[in-house]
Structure formats: C-alpha cells, structure tokens
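Undergrad: sequence isn't available, so here's the structure alone:
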C-alpha cells in the first residue's frame, strides 16, 4: 500500500481517546495518489496478516510508533498550498474510529483526501466515502467478492432493447431523497445474495438472456465489480451498468468491460449536493459524464424529475447544458413513489403540466430524447 512508513519516534505519551493512531508519516510523495503531490499518514493497526506485507510494524494496535495526530496537523498546516492531498494508508485506516474526524480536519485545511484500504471495515468505509477524493482498494492479492443486495432474473426495461438480468450492488455514498432502493444504501444488506449463487443462476440462463446489468446502490463503490464483470463476460453475456458517477476513477477502470451505461445526472452540477447530500458530488458526476462521452461506449444519460426538486426551468436549463457538453441520448423520467421513503416527496409529486411538455422544448437538442412516465 504505497511506500513503506518510516519509523518516527513519538515525543509524547499514549494517544488520547479518539485520536487517530499514527504509525508513521511520509512528508512528500508523488506515487501514493496518482497525479497528486501528497503527504501519507500511516494509520496504526491491521487485523490481517498478509505474508507479503511491507509495513508489518503497522499491524499491531496499541502504542503507535509515529507522531501524535496533533503534530501531524501542525505539519500539514505548514504545508498548506504546497501539497495537493493527504493519503491515509496503513495498516488499515478504516480500523480506527477516529478516521472520519481526522479526514474532516484535513479537508478543513484545504487538502484533497485519499485512502488506501482493503475494506476491512465496510461500515466505516461507507462513513468516510463522502469525505474522499480518491480511493485505492488494496486487493491483498485475493479476489474481492461483489456484495449483492438483490437480483431481477429478467428485465426488458433496465437496458433498452435487451433481455437482461439485473444485479443490484449493495452500498451507495449518496442520500438522494427520491431513492427507490433505500435498502441498498448501507454497505451491507440484511438479505445479501452470495455472488456464487448469482453466477450459478447466470450459468443456467446462458443463451436465454442477452446481458447482465449491474445496478445499485452504486456499483462502482465496490472493488469486486471488475472481477464480477469479467466473470459475466466470460459466460457470454453483454454487460450493462447503472451508475450515478460517484467514483469517476473506478468508472474509468470498468468502462472497457461495459457495453452500455445508464448514467444518472441528477441536477445542475453546481447544485448536486442539494440532491445527494454529499459535498463535491457534482464535480464527480461531471467527471464521470465526460468519461462516458469520451469512451465510445453506448449510453443513455437520464434525469429523474420531481417537481419540488427540479422545476421545469431547471430541467430545461440542465438539458441545454448537457446538449452543449455533447450528450446525444437523453432521458427525462418522472419520479415514482415506489420504494421512496421520503413522505414529503411522496405527498408533493403532482405536476402542473405533463413532463412531455418539457421534453418537447428539448427534443431538437438531442439525437434521441425520451420521456418516461412512472
């Protein structure tokens, strides 16, 4: 997980409760966060014992060998404007309950935040995802298994023109009020389906289905998505993806394995946090849109319209912006209350004019514009 952590003697006693346990600090690196000049904070502790680990002194919890977190913050304050980012590495950073607070303090200093993780603590990983600008999964030389929250055996609507099974991936970093799959938001589900069972089902459907769509939740959240897509392609299926674009770097990794993408664009990119509840989500979504358009992969860009979240003027302005960015295939779809747990949105979903009227004002901007009514 990046360069080895130097052993830095602490000038203090034991760390106070809830203070990040630091095992070492690299003041400057250009390789631990590709494209960024970064400091690396090595977090003490890891429950795994990989034989090839190059930071074994970071495995044990207890007395960390590095500086106190307060000293690390003092160092970072002196580096503000000189470094781009801070990477939390390890050890396994998600083991430390103080990680979210430490990341928030780093962001408050103006740094981007990166994370090296093997996913040991998925609940804490989920908690810190909204604070991250970059995530490097540590595969630990073993296969990452996809966490599946549901499976639709046959769909004709999730991938237009295709008979497809839909695999619903568990976990999403965003909190959109109109989400109709809220059970898929937590990193672990109560009724997960083993990936091996999904593969066994797909074996039986060879020759009967055209493709498999990975939906969610947010599929690109999971490090196991790449392996899962490869296995599906090896069975002879085409691969589709539904994504909100929360992780543009992960999206770039899977696009070569994908035959079609359905990308949700939720609002004007500058206004995204109002929908997702996640600061910086608009920048990520825009980066993902640009990747999809540049990839040559077949796609549809779609926007869910709830009248209290996006008025007709908002939808028209968004459509014009997307057309100017090169979008050719656009779908505007009406909010549907099925699965939505937001009482206010469910009670205030009545439109003053048909959504088709908005579509008519945008039709000439796209090669193909579709209006979907719930």
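TA: Received it, and whenever you're ready, just let me know what you need. Bear in mind the structure is a predicted one, so any value in this text is a computation, not a measurement.

Undergrad: residue 86 - how many residues pack around it?
TA: For residue 86, the neighbour count with other CB atoms under 10 Å is 28. (Each C-beta comes from the backbone N, C-alpha and C, glycine too.)

Undergrad: I'd assumed it was in a strand, is it?
TA: Yes - under DSSP: H, G, I helix; E, B strand; the rest coil, residue 86 sits within a strand.

Undergrad: wait, it sits on residue 42?
TA: No - the pair residue 86 / residue 42 is not scored as a contact, 11.6 Å apart, by CB atoms under 8 Å.

Undergrad: strands of the stretch 51-200 of the chain, start to end?
TA: Taking DSSP state E, counting those that start in this stretch, the strands of the stretch 51-200 of the chain run over residues 85-90, 112-117, 134-137, 148-155, 164-169.

Undergrad: ranking the ones you listed by burial, who's on top?
TA: Ranked by mean neighbour count under mean count of other CB atoms under 10 Å, the strands of the stretch 51-200 of the chain are led by strand 85-90, which reaches a mean of 26.

Undergrad: list of residues touching it?
TA: Contacting residues not belonging to strand 85-90 are listed as 1-2, 5, 23, 29, 32-33, 36-46, 55, 58, 76, 99, 102-103, 106, 111-117, 133-134 [CB atoms under 8 Å, 6 or more residues apart in numbering].

Undergrad: mind listing the helices for the chain?
TA: Per DSSP state H, the chain carries helices over the ranges 69-79, 99-108, 122-128, 195-204, 225-234, 248-254, 272-276, 281-295, 312-324, 343-347, 355-362.

Undergrad: make CSV from the ones you listed and add mean neighbour count to it.
TA: Compiled in CSV, those are given as follows (neighbours: other CB atoms under 10 Å):
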stretch, mean neighbour count
helix 69-79, 15
helix 99-108, 18
helix 122-128, 18
helix 195-204, 14
helix 225-234, 19
helix 248-254, 19
helix 272-276, 20
helix 281-295, 19
helix 312-324, 16
helix 343-347, 12
helix 355-362, 16
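
Undergrad: and those, which one is worst for confidence?
TA: When those are compared by mean pLDDT, helix 122-128 comes last with a mean of 83.

Undergrad: how far out from the middle of the chain is that helix?
TA: Relative to the centre of its chain, helix 122-128 is centred 12 Å away, using CA atoms, centre = their mean, to the nearest Å.

Undergrad: so which elements touch that helix?
TA: Under the contact definition 3 or more CB pairs under 8 Å, 6 or more residues apart in numbering; DSSP states H and E, helix 122-128 sits against helix 99-108.

Undergrad: give me the contacts around the helix it packs on.
TA: 18, 20, 41, 43, 69, 73, 76, 86, 88, 93, 96, 113, 124, 127-128, 131-132.

Undergrad: okay, now residue 335: neighbour count?
TA: Residue 335: 21 surrounding residues under other CB under 10 Å.

Undergrad: tally of neighbours for the residue lying closest to it once chain neighbours are set aside?
TA: Using CB to CB, 6 or more residues apart in numbering and skipping the chain neighbours, the partner closest in space to residue 335 is residue 306 (4.0 Å). By the criterion of other CB under 10 Å, residue 306 has 22 neighbours.

Undergrad: domain ranges for the protein?
TA: Using automatic domain parsing, the domain parsing of the chain gives 22-137, 148-372.

Undergrad: comparing those by mean pLDDT, which bottoms out?
TA: Per-stretch mean pLDDT for the domains of the chain is lowest at domain 22-137 (a mean of 86).

Undergrad: need the distance between the two termini of stretch 220-240.
TA: 12 Å (CA to CA, to the nearest Å).

Undergrad: could you give the separation of that stretch from the chain centroid?
TA: A distance of 16 Å separates the centroid of the chain from that of stretch 220-240, by CA atoms, centre = their mean.

Undergrad: do stretch 37-44 as well
TA: Distance, stretch centre to chain centre, for stretch 37-44: 22 Å (CA atoms, centre = their mean).

Undergrad: and if you look at stretch 289-300?
TA: 17 Å.

Undergrad: which residues does that stretch contact?
TA: Residues outside stretch 289-300 that contact it (CB under 8 Å, 6+ apart) are 160, 245, 248, 251-252, 255, 258-263, 265, 301, 322, 325-327, 329-331, 370.

Undergrad: thinking again about what came up before, is it possible to export the helices of the chain to CSV including distance to residue 218?
TA: What follows is those, written out as CSV (distance: least, CB to CB, whole Å):
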stretch, distance to residue 218
helix 69-79, 30
helix 99-108, 19
helix 122-128, 11
helix 195-204, 17
helix 225-234, 10
helix 248-254, 9
helix 272-276, 11
helix 281-295, 11
helix 312-324, 21
helix 343-347, 20
helix 355-362, 25
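
Undergrad: sorry, back to before: please narrow the contacts of stretch 289-300 to those residing in strands.
TA: Among the contacts of stretch 289-300, the ones falling in strands (DSSP state E) are 260, 261, 262, 263, 301, 329, 330, 331, 370.

Undergrad: show me which of those are buried.
TA: Taking 16 or more other CB atoms under 10 Å as the criterion, what is buried in the ones in strands among the contacts of stretch 289-300 is 260, 261, 262, 263, 301, 329, 330, 331.
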